[in-house]
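Asks: just coords:
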């Protein structure tokens, strides 16, 4: 049964009107106030008695799964009466938390007899009992002292934890020592959003970002660095809590202690993150109420003054108290605000362009920039969208993202537009701005060059005309931009020669993490081709290899099979399956294939830019035989970094030579990795991207 908050609100308004009236009316104020207090504080007990009489008040016994000797997480739950809420909270923990990884510590702050009786029947609980209500701050500090886990989660007893919450809270801590605390997404029981991280304005007032919004909206569903997260559900490294002395007792009994802790963590060099995948139902105000003029709640304003004094220097750097600044204030990243627009959410297990885009977004995040990604199709394809959101990228999608560039164009310092026709679509509203952001046109590859080469191979007049139109669009976008990105040195030279008046052209190639150890030559067999088949050059390359090259290879290597891997395979490729040709289709994790095969082939007859199939293979230590077009763009040298051949007979001979010569294989594997590390390794590209963005 809900609390009658609407009646309480009416009583408060009535009290205000009476207080403004004459003498007779003012005498009624204490009576109304007394009724308000009874209704607020006594209603829960009335509900309890009513439920008991009709047999609905039986609280089942709860068993908390036994924790390991060294639990990962200690869950600290301060409790003051409210047996039903506490029972619901503990039940949700037991049902939705991985067994054996956690312990639950309940600090009973002088609860009523019914709550004490319920807690006594909870098996597996660590119970600390106080004779009186010592407040939230002191109860949490008692829980910290009793905790054994590497992490401590503070959890209100008026919450319900949903499935996967602990795993989600732990995720940002993995391999990231700079994270000190992680908070959850809080929602109301009716499904409305309560908090997606919190803001502290310069005047020390707090703001629950997203309050009453849609919890599924994209702006509330990416990992962000925030001012603080509510201690209704907050995970903190236990070692840091011990070092900082837990919650500061000057905020006793409650309020601002969580904001203070998060600010103190930052003073010590740690970050506070909001994790949208950890979802908690929070019945806000169920224990302390919502009236800031009395009870525990009155300490909210008192402690704001304490907080303002303690953190005056930090508050001077906060945003001014202005709701129009919400989107800026919600994210503590203070670098250039960057919008990236591409045709769709990248799918790095499907094509090399997606591998590059995912790595580029990661680099922008690592450089400290707030990054928003807008797929032109507005489709939140999973699991790729969530992967980006967990990386810290805001991904805009759905109906709410229609017209996003026009609506939010003033918010960004840099806009990166990808691929000619999509860039042309979105550049117009940006150019119309009087103080527009810097525009970078990321070609991904020179589309018109790829189309010209395809037209030459296929002798198709319509393709020649299409390539000419694409060239006009592509060069037009370049001239309207502030910088142009290409993936290959060859394309950079071509553009500078084609039109010296173009803005600066930078090379931002495919991006890879290079493997230091690779399985040996003797443990491998077979030949690999990998590529996404929505990209026309790949279908042509496979057909060319199968019909013109592979028969010559089979004559010398009868036991070698040809493995074809890639998404969106057309019937022409699927139909190639035979005894010595294996068509695998889409493979989510291709690393085992690169480790098992003896070499890869890149038999492209047309294309543009740096070829991801080549750089990926070399980064993983697998020697490659490539056509000149496949090898262009990164100063790769045939015979040193890979094998290069232009005609079918020479290509087949290179395959046979590399496949059968261990010394040659080892040399190409080692040299290829070194070259890729220097030219397209993650850190090398990160350094060049940082330099470019600094110039803007």
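Replies: Great, that's in hand. Since this is a predicted model, take the numbers as computed values, not measurements.

Asks: What ranges does the stretch 451-600 of the chain have for its helices?
Replies: 461-480, 489-498, 536-544, 550-556, 571-574, 591-596 (DSSP state H, counting those that start in this stretch).

Asks: out of these, deepest packed?
Replies: Among the helices of the stretch 451-600 of the chain, judged by mean count of other C-beta atoms under 10 Å, the one packed with the most neighbours on average is helix 536-544 (a mean of 21). Placement of C-beta: from N, CA and C, glycine included.

Asks: Which strands and helices lie in contact with it?
Replies: Counting contacts by 3 or more C-beta pairs under 8 Å, 6 or more residues apart in numbering; DSSP states H and E, helix 536-544 is packed against helix 447-458, helix 571-574.

Asks: out of these, nearest to residue 434?
Replies: Ranking the helices and strands packed on helix 536-544 by distance to residue 434, with C-beta to C-beta as the measure, places helix 447-458 first at 30.9 Å.

Asks: wait, doesn't residue 329 sit right on residue 199?
Replies: Yes: with contacts defined as C-beta atoms under 8 Å, residue 329 counts as touching residue 199 at a distance of 4.8 Å.

Asks: that older thread, dump the helices and strands packed on helix 536-544 to CSV, plus mean pLDDT and distance to residue 645.
Replies: Supplementary listing: the helices and strands packed on helix 536-544 in CSV, determined by pLDDT from 0 to 100; distance: least, C-beta to C-beta, whole Å:
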stretch, mean pLDDT, distance to residue 645
helix 447-458, 94, 17
helix 571-574, 97, 22
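
Asks: right, so those: which one is the most enclosed?
Replies: For these, the largest average neighbour count (mean count of other C-beta under 10 Å) is found in helix 447-458, namely a mean of 19.

Asks: avg pLDDT for the helix or strand containing residue 76?
Replies: Secondary structure from DSSP states H and E places residue 76 in strand 73-79. Per-residue pLDDT over strand 73-79 has a mean of 97.

Asks: And for stretch 347-365?
Replies: On average, the pLDDT along stretch 347-365 is 94.

Asks: on that earlier part again, list residues touching both of residue 329 and residue 199?
Replies: Where contact means C-beta atoms under 8 Å, 6 or more residues apart in numbering, the residues bridging residue 329 and residue 199 through contact with each are 207, 227, 319.

Asks: if I pick the nearest residue to residue 669 once chain neighbours are set aside, what's in contact with it?
Replies: Leaving out its chain neighbours, the residue that sits closest to residue 669 by C-beta to C-beta, 6 or more residues apart in numbering is residue 621, at 4.7 Å. The contact partners of residue 621, taken as C-beta under 8 Å, 6+ apart, are 515, 518, 594, 669, 670, 672, 673.

Asks: for residue 185, same thing?
Replies: With C-beta under 8 Å, 6+ apart as the criterion, the residues that contact residue 185 are 193, 195, 196, 215, 220, 274, 275, 276, 277, 278, 279, 280.

Asks: Could you rerun that using 6 Å?
Replies: 196, 276, 279 (C-beta atoms under 6 Å, 6 or more residues apart in numbering).

Asks: Out of those residues, who's the most crowded?
Replies: Neighbours were tallied for each of the contacts of residue 185 (criterion: other C-beta atoms under 10 Å), and the maximum of 27 neighbours falls on residue 196.

Asks: Tell me how far that residue lies from residue 273.
Replies: Between residue 196 and residue 273 the computed distance is 12 Å (C-beta to C-beta, to the nearest Å).

Asks: swap in residue 396?
Replies: 20 Å.

Asks: More neighbours: which of the two?
Replies: Set residue 396 next to residue 273 and count neighbours by other C-beta under 10 Å: residue 273 wins out with 24 against 21.

Asks: Let me see the contact set for the more buried one.
Replies: So, once contact is read as C-beta under 6 Å, 6+ apart, residue 273 ends up touching 172, 179, 182, 223, 225.
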